[in-house]
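>>> Okay, here's the prediction I keep looking at, along with the sequence it came from:
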Amino acid sequence: MKKIAIYGKGGIGKSTTASNIAASMSTMGLKVMQIGCDPKADSTQMHTHGQEIKTVLDQLRNREKDITLENMVKKGNDGVMCVECGGPIPGTGCAGRGIITAFEELKKLGALSVYKPDVVLYDVLGDVVCGGFAMPLRADYSRNVFIVTSGEKMSLYAAANIALALEHFKGRGYAQLSGIIQNSRNIENEDKLVEKFAKENGVPVIGVIPREELITYAEGLQKTLVEAFPDSSTAKLYEDLAKKILDLSEDIEDDDM
């Protein structure tokens, strides 16, 4: 089993990237579970063609009598198993604490032991790396972290904070930074800026996704580009990116979550 966390600034295209990577891995015949760790609970919608799924926190908050894995895990149209942690009611509670609570519930119910995925992919908001948002950095949850960034200043700033957190946790049994994914915004010298950031952090840029109208069009269809346009050149880029992530990620025994 491979446990992988994908971090990045909100709005950078992290969930789109994570979903297309998950879809690519699924087309390779792998059993993939994508866990959305954003309180907006929209990480997995392209797998379900826009159909919302019950979040872990919604079920706990509503004290539903039948709190089961079957109600928390929905198989997407592309075969990806989808989970959304959810978040607090807007204006109340702590989103980070919500992730911790959701993870604890999934672990208690034995999610990984039951579904036995080949790959667990955490899609994590990286604007703030504290509390629950740092939870997927722990090695019992993920072993390899990949950061999605563009060459934009604020995107690189968020990426630097994530890298700093991983450096701070080094030696404490946390995950390791394994690569940078460039989700392009067509700004001046973008390739050089992202390459410089990657070099400073001692990791490679493992993929460059162009600013592509076809990606936006697929999202309008509420599908991943990999599902909607499997023969496109950009779908091939996602496939290559998924293969690189698999090659760079550690295989571990199933110790649940």
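Nice, thanks for sending it over.
>>> List the buried residues for the lowest-mean-pLDDT helix or strand in the chain?
Of the helices and strands making up the chain, the lowest-confidence element is helix 95-108, at a mean of 85, by mean pLDDT, DSSP states H and E. Across helix 95-108, burial judged by 16 or more other CB atoms under 10 Å covers 95-96, 98-103, 105-107. C-beta coordinates here come from the backbone N, C-alpha and C atoms, glycine included.
>>> what's the answer for stretch 77-87, then?
Within stretch 77-87, the residues scored as buried using 16+ other CB under 10 Å are 78-87.
>>> Just the endpoints, please. Distance across it?
Between the opening and closing residues of stretch 77-87 there is a gap of 25 Å (CA to CA, to the nearest Å).
>>> And for stretch 67-84?
Using CA to CA, the end-to-end distance of stretch 67-84 comes out at 14 Å.
>>> returning to that earlier point: return the distance of the least confident helix or strand of the chain from the chain's centre.
Here the centre of helix 95-108 is set off from its chain's centre by 16 Å, with CA atoms, centre = their mean, to the nearest Å.
>>> Equivalent analysis for stretch 84-93, please.
With CA atoms, centre = their mean as the basis, the distance from the averaged C-alpha position of stretch 84-93 to the chain average is 18 Å.
>>> just stretch 99-110 next, same as before
Between the centre of stretch 99-110 and the centre of its chain there are 17 Å (CA atoms, centre = their mean).
>>> Show me which of the buried residues of helix 95-108 is closest to Glu239.
For the buried residues of helix 95-108, the closest approach to Glu239 (CB to CB) belongs to Leu106, at 28.5 Å.
>>> Any regions of the chain where pLDDT drops low?
Scanning the chain for pLDDT under 70 picks out 63-65, 91-93, 95, 129-131, 139, 254-257.
>>> Tell me where it has strands.
The residue ranges that make up the strands of the chain, judged by DSSP state E, are 2-8, 32-37, 74-75, 81-84, 119-125, 144-149, 176-183, 205-209.
>>> out of these, nearest to Thr55?
Between Thr55 and the strands of the chain, the tightest spacing by CB to CB is seen for strand 81-84, at 4.5 Å.
>>> Need the residues that contact that closest one.
Under the criterion CB atoms under 8 Å, 6 or more residues apart in numbering, residues 31-36, 41-44, 47-48, 53-56, 72-76, 106, 111, 115, 117 lie in contact with strand 81-84.
>>> Can you flag the buried ones in the residues you listed?
Neighbour-count burial (16+ other CB under 10 Å) applied to those gives 31-36, 41, 43-44, 47-48, 53-56, 72-74, 76, 106, 111, 117.
>>> Tell me the spacing between Leu248 and Asp78.
Summarising the geometry, the distance separating Leu248 from Asp78, computed by CB to CB, to the nearest Å, is 23 Å.
>>> ok, now Glu213?
Using CB to CB, Glu213 is found at 21 Å from Asp78.
>>> cool, Met33 as well?
Between Met33 and Asp78 the computed distance is 13 Å (CB to CB).
>>> Mutual contacts of the two, please.
Common contacts of Met33 and Asp78 (CB under 8 Å, 6+ apart): none found.
>>> So which residues of the protein form helices?
With DSSP state H as the criterion, the chain has helices at 14-27, 56-61, 69-72, 95-108, 111-115, 153-169, 190-200, 213-220, 225-228, 233-248.
>>> packing partners for the first one?
Secondary-structure packing of helix 14-27 (3 or more CB pairs under 8 Å, 6 or more residues apart in numbering; DSSP states H and E): strand 2-8, strand 32-37, strand 119-125, strand 144-149, strand 176-183, helix 213-220, helix 225-228, helix 233-248.
>>> The first one pairs with which strands?
The reference is to strand 2-8. strand 119-125 (parallel), strand 144-149 (parallel) (DSSP bridges).
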